[in-house]
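Asks: here you go, sequence then predicted model.
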Amino acid sequence: QVQLVESGGGLVQAGGSLTLSCAASGRTFSRQTMAWFRQAPGKEREFVVVTAITWNGVSTNYADSVKGRFTISRDNAKNTVYLQMNGLKPEDTAVYYCAAMMRLSLTKDESEYDYWGQGTQVTVSA
């Protein structure tokens, strides 16, 4: 079993930055594929970014809407994955969820993920 706890959400003005954290516990973190999804009010949950450790290093896959603005990183020693968000826009306002799976994958399909955090609210004011 894997437990995921997000933190770092808050209110920020457009153009500002936030860093979200997701602390994982339970199983071997370094072998987990980790991802961030988000859900805006009245919309379906959408993929943001995924990171996995492959045979040749760390691989990532970003949604086009955040590419160049968001950066995912992981600290295996702390069992934590981070989402650095720069250049925030009002349309980035959402509840952000951390997700994990024990398989190696860069999938954007939320149904493939086995474990989810409770979410953290990010609000970007215009």
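Replies: Here it is on my side, so go on.
Asks: which stretches of the protein form strands?
Replies: Counting by DSSP state E, residue ranges of the strands within the chain are 3-7, 10-13, 18-25, 33-39, 46-54, 57-62, 70-75, 80-85, 94-101, 115-116, 120-125.
Asks: buried sites along the second one?
Replies: Of the residues in strand 10-13, those with enough neighbours to count as buried (16 or more other C-beta atoms under 10 Å) are residue 12. (Each C-beta comes from the backbone N, C-alpha and C, glycine too.)
Asks: same deal with the fifth one?
Replies: Within strand 46-54, the residues that qualify as buried by neighbour count (16+ other C-beta under 10 Å) are 47-53.
Asks: the residues you listed into a markdown table, with extra columns for pLDDT and distance to residue 33?
Replies: Listed next are the buried residues of strand 46-54 as a markdown table, based on pLDDT from 0 to 100; distance: C-beta to C-beta, whole Å:
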| residue | pLDDT | distance to residue 33 |
| --- | --- | --- |
| 47 | 98 | 13 |
| 48 | 98 | 14 |
| 49 | 98 | 11 |
| 50 | 97 | 6 |
| 51 | 94 | 7 |
| 52 | 91 | 4 |
| 53 | 84 | 8 |
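Asks: bridging residues for the most centrally placed residue in the chain?
Replies: Against the mean C-alpha coordinate of the chain, by C-alpha atoms, centre = their mean, the closest residue is residue 36 at 2.3 Å. Applying DSSP bridges to residue 36 gives these bridge partners: residue 49, residue 98.
Asks: contacting residues for it?
Replies: Shown in contact with residue 36 (C-beta atoms under 8 Å, 6 or more residues apart in numbering): 20, 22, 48-50, 72, 81, 83, 96-99.
Asks: how about 10 Å then?
Replies: Residue 36 sits next to 6, 20, 22, 47-51, 62-63, 66, 70, 72, 81-83, 85, 96-99, 117 when contact means C-beta atoms under 10 Å, 6 or more residues apart in numbering.
Asks: same question for residue 65.
Replies: With contact set as C-beta under 10 Å, 6+ apart, residue 65 has these partners: 38, 46-48, 89, 91-92.
Asks: elements contacting the helix or strand bottoming out on mean pLDDT in the chain?
Replies: Ranked by mean pLDDT, DSSP states H and E, the weakest helix or strand in the chain is strand 57-62, scoring a mean of 90. Applying 3 or more C-beta pairs under 10 Å, 6 or more residues apart in numbering; DSSP states H and E, we find strand 57-62 packed against strand 33-39, strand 46-54, strand 70-75.
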